[in-house]
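Peer 1: Please work out how this folds:
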Amino acid sequence: MTASEPLSPLPQEIDPRRFAMSRRSVLRLGIAAVAATSAASLLAACGSSDKDTATSASTSSSGSSSGGASTAAASASSGSGSASGTPSGSGSSTQAPANVVTGGELKWALSSDPPNLDPHIDTGTAARAVKICIYNGLMRYWTNGEASPDLATKFDTSPDGLTYTFTLVDTTFHDGTPFTSEDVKASIDRILDESVGATEFDQLKPITDVDASDPRTAVLKLSAPAAGLISNLALPESAIVSKKFLEGGGDPNKTMMGTGPFKFVSREPGVNVVVEKNDKFFREGKPYLDKITFLPYQNEDTRVAALKSGDVDIAEYIPWKDMDSIDKSNDLNLITTKGSSFMYLIYNVKQKPFDDAKVRHALGFAFDRQSIVDAAFFGRGEIITGGLITEDSWAYDSGLKDYYSYDPDKAKQLLSDAGQDPKSMSLTLMSTGQYGMHQSTGEVCQKNLQDLGIDCKLDLFDWATEVKKHTEGDYQFRVQGTSPDFPDPDYLTTFLYSTAVSQGRDSFADQQIDQWLDQARQETDQDKRKALYNQIEDRAAELAPYTLLCWRDDGYGARKVVQGFEVLPRMNVFLSPNTLEQVWLKKS
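Peer 2: Got it, this is the predicted structure:
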């Protein structure tokens, strides 16, 4: 939820603590309050007109719904790149803003303690923010929402789409080891090692070989064209790790060795992760900050209180109930983007009654999606009545738009057709109490099912426990929130392919969907790809491995002294830490 929700988390609501206290005290208070309030913990998702124009964000909830990022005074350090272009972000220096102040420490409020440091495994938005500071990939997403070269100065694609040639930047890892094509090969080989459980395993599977004969050139050989390859190489989970580090027995889950703008210093689980400036970063003059301290605030109220009191400078996952107050603050900026993530229910298809597609399909009509938008997101969202491909995509299927509706009578009838009597059904819905939006979504869904006569229990856990139970298949169905990560509809592979990391733990598999996904990935004709993706979404709606609920707005809160931080548009919102290399702190 990312990353990501691609397993991303959200926190439990508690009375705000606005008075001064130590970081450890706030942490203990938040944890104690969560335990007292719900016996649960953690999961993921997910200004006024006189705002300072030099601050790091576009203000207010209007954000950027389609084209560019929420912008900051500090100009972006890279732009979009064509297949052989050389954007300014790929190694060349960019002139700093005239008034930039270098140095200083930024304090970032995470929504959870990172459960995993492995760069190739997505364990949520909080962990992603830390990893992005340490690692680079061949590509990255930047503020226009497009994939641009990162550790490459350019790339070229062969006419048959089977060879990608990347010209690499001249830089070093944090231990001084030179970065070469051998590191690219080692990293991709690791991602394609099934034992690692890498998030991008299926997406990068078309790569059959990496030619590293030239240290400054990495040549990727493919078994078939892969339309979404560049999009996937731009995700943080395609990070390049040092071959020397891996072969020397380094554990990427315990320490971090990258080429990024910041170097790993320390981690005290549950307390902080500290990174410091990489003086030899390949984008000359960056980063501006000396240090970033990431502080986990699992409780959303204590996280917001820390932002308002000045204990932290930026906070992720601003609760929707607090967005208006932050937007109107003279000291803070609300930085949001519309429709960035979505909420849905995941069914464990190995457990009854969800081993029956007819039951899953019937429940698609049981949920009041607008009530979820209103209760969980204070109206800052949009219901999903069809598929995941949105109206601004070339692959959108307008015929699927109103496939589902809130129709309890139809849900009852379809359950009856499936041989189920709602009054005889007993279900347990899993969610988290750590994130108010997840808990609220679960509460609405629970009530909707109870209104049908179903005995539905809502179990709330902390995020780490919920992820563990999900991984082990120890649940019936659960609330989840995540983001598609990139604009190409190949992102459906992440949610529907039978061996996808995020999907394999849910046990859903359909050979026909797999076949169409493979065909769509290899197809170069856009009209034919659209037809395939429309077929995929139609069949997914019928088989219903998930019940899609709503899109939600997401964002960050930042103190006005923070300059240069930009929120990437729509589904790239949780890649916004990519801009931390250009963040600086204005003197008050």
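
Peer 1: so how far is stretch 464-483 from its chain's centroid?
Peer 2: Distance, stretch centre to chain centre, for stretch 464-483: 16 Å (Cα atoms, centre = their mean, to the nearest Å).

Peer 1: Buried residues of it, list them for me.
Peer 2: 464-467, 470, 475-483 (16 or more other Cβ atoms under 10 Å). For every residue, glycine as well, the C-beta is placed using N, CA and C.

Peer 1: start to end distance for that stretch?
Peer 2: 19 Å (Cα to Cα, to the nearest Å).

Peer 1: right, and the helix or strand after the lengthiest helix in the chain?
Peer 2: Taking DSSP state H as the assignment, the helix of the chain that covers the most residues is helix 526-543. Going down the chain from helix 526-543, the next helix or strand is strand 546-559, by DSSP states H and E.

Peer 1: the inter-axis angle of that following strand versus helix 526-543?
Peer 2: In terms of direction (axes from the mean of the first three to the mean of the last three Cα atoms, to 10 degrees), strand 546-559 departs from helix 526-543 by 110 degrees.

Peer 1: helices and strands around strand 546-559, which ones?
Peer 2: Here strand 546-559 touches helix 300-309, strand 314-315, strand 332-347, helix 369-377, strand 381-383, helix 436-451, going by 3 or more Cβ pairs under 8 Å, 6 or more residues apart in numbering; DSSP states H and E.

Peer 1: Return the distance of that strand from the chain's centre.
Peer 2: For strand 546-559 - counting by Cα atoms, centre = their mean - the centre lies 11 Å from the chain centre.

Peer 1: The next helix or strand after that strand pairs with which strands, and in what direction?
Peer 2: Under the assignment DSSP H and E, the closest C-terminal helix or strand after strand 546-559 is strand 562-563. Strands that pair with strand 562-563, judged by DSSP bridges, come out as strand 584-585 (antiparallel).

Peer 1: Give me the contacts around the partner strand.
Peer 2: 74, 97, 100-102, 104, 106, 288-289, 313, 561-564 (Cβ atoms under 8 Å, 6 or more residues apart in numbering).

Peer 1: go again using 10 Å as the cut-off
Peer 2: Applying Cβ atoms under 10 Å, 6 or more residues apart in numbering, the contact partners of strand 584-585 are 56, 73-74, 96-97, 99-106, 287-290, 313, 559, 561-565.

Peer 1: still on that earlier bit, tell me which of the helices and strands packed on strand 546-559 sits most buried.
Peer 2: Mean neighbours per residue, mean count of other Cβ atoms under 10 Å, is largest over the helices and strands packed on strand 546-559 for strand 314-315, with a mean of 28.

Peer 1: What helices and strands are in contact with the very next helix or strand once past that one?
Peer 2: Once the chain leaves strand 314-315, the next helix or strand it forms, by DSSP H and E, is helix 323-327. Secondary-structure packing of helix 323-327 (3 or more Cβ pairs under 10 Å, 6 or more residues apart in numbering; DSSP states H and E): helix 300-309, strand 332-347, strand 546-559.

Peer 1: Would you convert those into a markdown table that also reports mean pLDDT and distance to Leu138?
Peer 2: Supplementary listing: those in a markdown table, determined by pLDDT from 0 to 100; distance: least, Cβ to Cβ, whole Å:
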| stretch | mean pLDDT | distance to Leu138 |
| --- | --- | --- |
| helix 300-309 | 96 | 34 |
| strand 332-347 | 91 | 24 |
| strand 546-559 | 94 | 27 |
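
Peer 1: Quick one: closest of these to Val196.
Peer 2: strand 332-347 (22.9 Å; Cβ to Cβ).

Peer 1: circling back: from the buried residues of stretch 464-483, pick the one nearest Asp455.
Peer 2: Closest to Asp455, out of all of the buried residues of stretch 464-483 and judged by Cβ to Cβ, is Gln476, at 12.2 Å.

Peer 1: coming back round to it: now, the most widely separated pair of the buried residues of stretch 464-483?
Peer 2: Most distant of the buried residues of stretch 464-483, by Cβ to Cβ, are Gln476 and Ser483, 24.6 Å apart.

Peer 1: Kindly list the main-chain dihedrals of the closest residue to Gly442 other than its chain neighbours?
Peer 2: Spatial nearest neighbour of Gly442, chain neighbours left out: Ser431 (3.5 Å); criterion: Cβ to Cβ, 6 or more residues apart in numbering. Backbone torsions for Ser431, taken as degrees, to the nearest 10, come to phi -150, psi -170.

Peer 1: ok, Ser431 - contacts?
Peer 2: Residues near Ser431 by Cβ under 10 Å, 6+ apart: 10, 40, 43, 345, 437-443, 445-446, 458-461, 466, 475, 477-480.

Peer 1: before we move on, the earlier item: nearest to Glu300, out of the buried residues of stretch 464-483: which one, please.
Peer 2: Closest to Glu300, out of all of the buried residues of stretch 464-483 and judged by Cβ to Cβ, is Gly481, at 13.7 Å.

Peer 1: Where does pLDDT dip in the stretch 1-150 of the chain?
Peer 2: Low-confidence segments of the stretch 1-150 of the chain (pLDDT under 70): 1-95.

Peer 1: 50 instead, please
Peer 2: Low-confidence segments of the stretch 1-150 of the chain, defined by pLDDT under 50: 1-93.

Peer 1: do the same with the stretch 251-400 of the chain
Peer 2: Judged against pLDDT under 50, the stretch 251-400 of the chain has no low-scoring part.

Peer 1: what helices or strands is the longest helix of the chain leaning on?
Peer 2: Applying 3+ Cβ pairs under 10 Å, 6+ apart, one finds that helix 526-543 makes contact with helix 357-363, helix 492-496, helix 511-522, strand 546-559.

Peer 1: List the contacts of the third one.
Peer 2: Residues outside helix 511-522 that contact it (Cβ under 10 Å, 6+ apart): 161, 202-203, 205-206, 222-229, 395, 488-490, 492-493, 496-500, 510, 528-537, 539-540, 543, 545.

Peer 1: Please save the CA atoms from it in PDB.
Peer 2: In PDB, the C-alpha atoms belonging to helix 511-522 read as follows (Å, rounded to 0.1, in the frame of the first residue of the first chain):
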ATOM      1  CA  GLN A 511      -5.200 -18.000 -16.000                       C
ATOM      2  CA  GLN A 512      -7.300 -15.900 -18.400                       C
ATOM      3  CA  ILE A 513      -6.500 -12.600 -16.600                       C
ATOM      4  CA  ASP A 514      -2.800 -13.700 -16.500                       C
ATOM      5  CA  GLN A 515      -2.800 -14.400 -20.200                       C
ATOM      6  CA  TRP A 516      -4.400 -11.000 -21.100                       C
ATOM      7  CA  LEU A 517      -2.000  -9.100 -18.800                       C
ATOM      8  CA  ASP A 518       0.900 -10.800 -20.500                       C
ATOM      9  CA  GLN A 519      -0.500  -9.900 -23.900                       C
ATOM     10  CA  ALA A 520      -1.200  -6.300 -23.000                       C
ATOM     11  CA  ARG A 521       2.300  -5.900 -21.600                       C
ATOM     12  CA  GLN A 522       3.900  -7.100 -24.900                       C
END
